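> Predicted model and sequence below, questions to follow.
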Amino acid sequence: MKFLTAMAYITMCLSAAPQERPTGNTPQTPAKPEQSGSSTPTVPNTSEAKLGWSYEPDAGVVYRQGDFKWTSWGYGEKLFDPGGEGGQWRRVRQGMEFDLPRFTQQYRTAFVYEVDLTDNNFFRTGPKWRIAENLFWAVQNAKDAGKFRALIGQNTHILTLEDYQSSGNLPTINRSLILEEHGSVSSFGTQFGVQVTKALSSRYSISGSAQDNRGSFNTDKPRYNIGNSLATKLTAILINDEKRGRKLTVGAGVDHTRDYPKGGHFSLASAIAFESLGSVPASGNKLSFEGDIIYSGRLGKHPYTLESQGLQSNFSGSGTTARGIYGLMQMSVFDKDRFGDLDPFVRYDVVQLGQERIHGSAVQQALRTGVNYNLPFSRKLVNLHLEYARNAVHGPGEIVAQARAFNEFRVELRVNVTRYVRH
């Protein structure tokens, strides 16, 4: 009840300023403010939004009735190992968002869920309920959830940059090494708790969260202690030149999570197949720092994107430190309906893992490269993904059993209800 009272107070007191997305995640990029002097009608203008059923390429299947909007999306990603047997599903997700009629001129409530059937191997492994990726109730800006949203439930942690893209729209099969490896202690990813995001202006936004951050709905040992993790993040758009296609966004955040239990381990894993490469105990309170930068531009008529994020976490109980950073570059070579569109990418990750009682640290590196190809006449809904990774790891024997370097390669087929876009 205290939370509901606080949410109602926040809703009535804050004036919002912005970018609704097809998934339930609140965007971390501030959007443009509304035009001055404009008013929010009680019912949307039907000349701008078609009532009844429709299909929106960047949202999914949409139904509108009056001020109510229902959106549904879904996608599947299957991996094939040319040197192995058969294939495996990487993600099979389906989600919906219910935007309920606004209760003031500026605010509405919304309910969002997204499930991934691979979390329990299509109900064959583990609890039947272990499929929830997002499941929350929110109060948000009626026109644009990016301007203001306060939610309670299961949603992506505010520090995980790559999760704030639709996961069906990632440039690589997996996220950064340091982010995926935080999952070995059930940290980051989707977590249960409270989040608030507000755009301070057209250039700045701030997010805050009080979640658990030790794993919730889709983990073996769910935890729902709201406030066990306290985090905040500031995001700024430093360049936004639409005419030249240039945009520069930077972000920085901090998180403090209490009471990681003894017996847990922070584990290193390979870039594509998640092959175990080493680990150390990780327990106690975790303090994490995050920074990211994204730049998009054009080389002639070819759009490109440069992206990087760094994370560092210190665990007080075990004296463990894990830090890592990645850099990603991708570029459009061509984009034609009759030929499809092709985007090669290259990505470099490095992770350092150490513990106070161990002399020296383990260092893991991965170079990933490949292409994303939307098939001709598929309207960007069917994508062929080829990815190669060169992995290398070395360090003390207490962390890494064997120094080694090896290759991985996978082919992935993605089928999506919404468009797969890169820039």
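Perfect, thanks for sending it.
> residue boundaries of the helices in this protein?
2-13, 177-182 (DSSP state H).
> Compare the mean pLDDT across the ones you listed and name the weakest.
Per-stretch mean pLDDT for the helices of the chain is lowest at helix 2-13 (a mean of 39).
> Contact partners for Ala136?
No, residue 136 isn't Ala; it's Phe. 24, 111-113, 151-155 (Cβ atoms under 8 Å, 6 or more residues apart in numbering). C-beta coordinates here come from the backbone N, C-alpha and C atoms, glycine included.
> can you rerun that using 6 Å?
Phe136 makes contact with 112, 151, 153, 155, according to Cβ atoms under 6 Å, 6 or more residues apart in numbering.
> Pick out whichever of those sits closest to Gln352.
Asn155 (29.4 Å; Cβ to Cβ).
> From what I see, the closest one and Asn134 are in contact.
Yes. Counting by Cβ atoms under 6 Å, Asn134 is a contact partner of Asn155 at 5.4 Å.
> neighbour-wise, which of these two wins?
Asn155 (29 against 23; other Cβ atoms under 10 Å).
> in the protein, which residue is closest to the centre?
Asp163 (0.4 Å; Cα atoms, centre = their mean).
> per-residue confidence at it?
Model confidence at Asp163 (pLDDT) stands at 85.
> how about it, what does it touch?
Contacts of Asp163 (Cβ under 6 Å, 6+ apart): Thr156.
> give me the low-pLDDT residue ranges for the stretch 1-150 of the chain?
1-49 (pLDDT under 70).
> Arg90 - nearest residue in space that isn't next to it in sequence?
Ranked by Cβ to Cβ, 6 or more residues apart in numbering and with sequence neighbours excluded, the top spatial neighbour of Arg90 is Glu77, at 4.4 Å.
> Would you confirm that the one you found contacts Arg414?
Yes. Using Cβ under 6 Å, Glu77 is in contact with Arg414, at 4.8 Å.
> Okay, and the beta partners of the residue nearest to Arg90?
Counting by DSSP bridges, Glu77 is bridged to Arg91, Arg414.
> Show me where the stretch 301-423 of the chain has its strands.
Along the stretch 301-423 of the chain, the segments classed as strands by DSSP state E, counting those that start in this stretch run 302-315, 320-331, 334-336, 340-355, 362-374, 382-394, 404-416.
> mean confidence score for the first one?
Averaged over strand 302-315, pLDDT sits at 97.
> So what are the sheet partners of it and their directions?
Applying DSSP bridges, one finds strand 302-315 paired with strand 284-299 (antiparallel), strand 320-331 (antiparallel).
> what sits against Gln195?
Gln195 neighbours (Cβ under 6 Å, 6+ apart): 151, 155, 209.
> cool, and Tyr420?
169, 374, 380, 383.
> Please name the nearest non-neighbouring residue to the last one.
Distance criterion Cβ to Cβ, 6+ apart; nearest residue to Asn383, sequence neighbours excluded, is Arg414 at 4.1 Å.
> That neighbour and Lys78, how far apart?
Using Cβ to Cβ, to the nearest Å, we find Arg414 at a distance of 8 Å from Lys78.
> With distance to Arg357 as new columns, can the contacts of Phe136 be given to me in a markdown table?
Output for those, formatted as a markdown table (distance: Cβ to Cβ, whole Å):
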| residue | distance to Arg357 |
| --- | --- |
| Val112 | 44 |
| Leu151 | 41 |
| Gly153 | 39 |
| Asn155 | 36 |
